[in-house]
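Engineer: here's my sequence, what's the structure:
(one chain, ligands or ions: 1)
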Amino acid sequence: MAETQPCILVVEDNLDNRTLLIDMLGVMNYRVIEASDGIEGVEMAIREKPALILMDLSLPRKDGWQATRELKSNKAVAHIPIIALTAHAMHGDRERALEAGCDDYVSKPIDLLELAQKIRLHLEDTPGE
Ligand code: MN
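Structural biologist: Next up, the predicted model:
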């Protein structure tokens, strides 16, 4: 366990949600970086190459679906797992998230235990760099 802890990028415009996620990830010992809109999220993902991205879908300037499409079509970052945070319980949102290239999704209000399990699962699936 001497390795550096994986870095997780949180892209979320709602401050309360972002704070909750950052606190939880901190308790889980991950390093956390954050972005509050889709443009910043894409830029930060390319620059920092996090191990995993939590992507809100409803975001200012560039929504999470578009941000995901851009990241998944960029070879430098396409391998990074993206877990969508879907605000709506509607099936269409989830399907659109998967179509855009998200690897998984968690519905809001976020079940922290479910999210923690999905993060671990996707980090295990990712080949190390
Ligand atoms: Mn939002």
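
Engineer: next up, the contacts around the spatially most central residue of the chain.
Structural biologist: Geometric centre of the chain, nearest residue: Leu54, 1.4 Å, by Cα atoms, centre = their mean. Residues counted as contacts of Leu54 (Cβ atoms under 8 Å, 6 or more residues apart in numbering) are Ile8, Leu9, Val10, Val11, Glu12, Leu21, Ile82, Ile83, Leu85, Leu115, Ile119. In this view, the C-beta of every residue, glycine as well, is placed from N, C-alpha and C.

Engineer: ok, now how distant is the second one from Glu95?
Structural biologist: When you say that, I think you mean Leu9. Counting by Cβ to Cβ, to the nearest Å, the separation of Leu9 from Glu95 is 23 Å.

Engineer: ditto for the third one
Structural biologist: Going from Val10 to Glu95 by Cβ to Cβ gives 23 Å.

Engineer: before we move on, back to that, Leu9 and Glu95: which is more packed in?
Structural biologist: Using other Cβ atoms under 10 Å as the criterion, Leu9 and Glu95 rank with Leu9 on top: 22 against 11.

Engineer: give me the pLDDT for the residue nearest to the more buried one when sequence neighbours are not counted.
Structural biologist: Leaving out its chain neighbours, the residue that sits closest to Leu9 by Cβ to Cβ, 6 or more residues apart in numbering is Pro50, at 4.0 Å. At Pro50, the model reports a pLDDT of 98.
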